[in-house]
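1. Sequence and computational prediction follow.
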Amino acid sequence: MAEVVVVADQDAAGALVAGAIVSLIRSKPDAVLGLATGSTPLATYRALAARIASDGLDVRGVRGFALDEYVGLPAGHPESYRAVITREVVEPLGLTPELVRVPNGDPAGIEHAGADYEAAITTAGGIDLQILGIGRTGHIGFNEPGSSLASLTRVKTLTEPTRVDNARFFDSPDEVPMHCITQGIGTILRARHLVLLAFGEAKAHAVAAAVEGPVSANQPGSAIQLHPHTTVIVDESAASQLDNLDYYRYAYANKPAWQGI
């Protein structure tokens, strides 16, 4: 069972996750982080940047792997996930740019880009802590409904709801790429700790399906139930459809502090 933590808001979630990441880096200065993009993890990155600055934490050896990238955006496009990760994670946190990888979305060589990325993750020793969001369709990374639960990094076609959701980052919906390259569900499940963040009523159904529904390729997020160390951090609205909400509150309130998340 995933651990479910209900917090007041995104800032509270960010502080909680930042604390866990700081502890990880202190124990392993070359820790490997799995980095999600989108609006969901932004409060976490802000909180982590603040903790790194206030604690004087040396993060020069920290490594990172982004979850996904669009296929076909020109190099330097501001909404490529390479640009987003640089702007929202690498620079604010002070990470070493060369140690943070993003899947290669260049159509030239796209046939082997997934295998190359898998090899890079393996060479790094695997991901220690993977930050995840979840889409309205239940997708994690860009693993849309129907994705194999054993899938590895590969090219996927984005659903129309996902393209609509992401259109806010582009000048028009037509500019949202049709394809992406994403870590697979099997890749994600290899991380040693999964931290899934979700906020708002629009995510409530996807959260309930992921945490309490049957494990199914139709709800890709439900694969988190197969992982031995998953933490789901949600606000009240995103938690509103959970049947066992009272138990999750009780379990977290009575958890030994030394266990962290």
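-> Cool, got the structure.

2. Pull the contacting residues for residue 155.
-> By CB atoms under 8 Å, 6 or more residues apart in numbering, the residues touching residue 155 are 71, 110, 113-114, 179-181. Heads up, the C-betas are built off the backbone N, CA and C, glycines and all.

3. rerun that using 6 Å as the cut-off
-> By CB atoms under 6 Å, 6 or more residues apart in numbering, the residues touching residue 155 are 179, 181.

4. quick one: terminal-to-terminal distance for stretch 84-102?
-> Chord length of stretch 84-102, first to last residue, is 10 Å (CA to CA, to the nearest Å).

5. Run through who's touching it.
-> If you take CB under 6 Å, 6+ apart as the criterion, stretch 84-102 is touched by 35, 37, 45, 49, 52, 59-60, 62-66, 69, 81-82, 120.

6. Keep only those of those that are in helices.
-> 45, 49, 52, 81-82, 120 (DSSP state H).

7. Name the nearest of the residues you listed relative to residue 170.
-> When the ones in helices among the contacts of stretch 84-102 are ranked by distance to residue 170 (CB to CB), residue 81 comes first, at 13.2 Å.

8. What score does that closest one have for pLDDT?
-> Looking at residue 81, its pLDDT reads 94.

9. how many neighbours does it have?
-> Other residues near residue 81 come to 24 when the count uses other CB atoms under 10 Å.

10. Mind checking which of the ones in helices among the contacts of stretch 84-102 are buried?
-> Listed as buried from these are 45, 49, 52, 81-82; burial here means 16 or more other CB atoms under 10 Å.

11. want to throw the residues you listed into a markdown table with distance to residue 91?
-> Conversion of these to a markdown table gives the following (distance: CB to CB, whole Å):
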| residue | distance to residue 91 |
| --- | --- |
| 45 | 10 |
| 49 | 9 |
| 52 | 12 |
| 81 | 15 |
| 82 | 13 |
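
12. Please save the CA atoms from stretch 19-29 in CSV.
-> Taking Å, rounded to 0.1, in the frame of the first residue of the first chain, the C-alpha atoms of stretch 19-29 are listed here in CSV:
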residue,chain,number,x,y,z
GLY,A,19,13.2,17.8,3.6
ALA,A,20,13.3,14.2,2.3
ILE,A,21,15.6,15.2,-0.6
VAL,A,22,17.9,17.1,1.7
SER,A,23,18.2,14.1,3.9
LEU,A,24,18.9,11.9,0.9
ILE,A,25,21.7,14.2,-0.4
ARG,A,26,23.3,14.5,3.0
SER,A,27,23.6,10.7,3.1
LYS,A,28,24.5,10.3,-0.6
PRO,A,29,26.1,13.5,-2.1
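
13. Report the distance from that stretch to the chain centre.
-> Put simply, stretch 19-29 sits 18 Å off its chain's centre (CA atoms, centre = their mean, to the nearest Å).

14. contacting residues around that stretch?
-> Contacts for stretch 19-29 (CB under 6 Å, 6+ apart): 31, 48, 51, 61, 129, 260-261.

15. what's the answer for stretch 176-183, then?
-> For stretch 176-183, contacts defined as CB under 6 Å, 6+ apart pick out 67-72, 103, 105, 113, 141-142, 153, 155-158, 163, 166-167, 170.

16. 7 Å instead?
-> Residues outside stretch 176-183 that contact it (CB atoms under 7 Å, 6 or more residues apart in numbering): 67-73, 103, 105, 113-114, 141-143, 153-158, 163, 166-167, 170.

17. Which ones among the residues you listed lie within helices?
-> 113-114, 163, 166.
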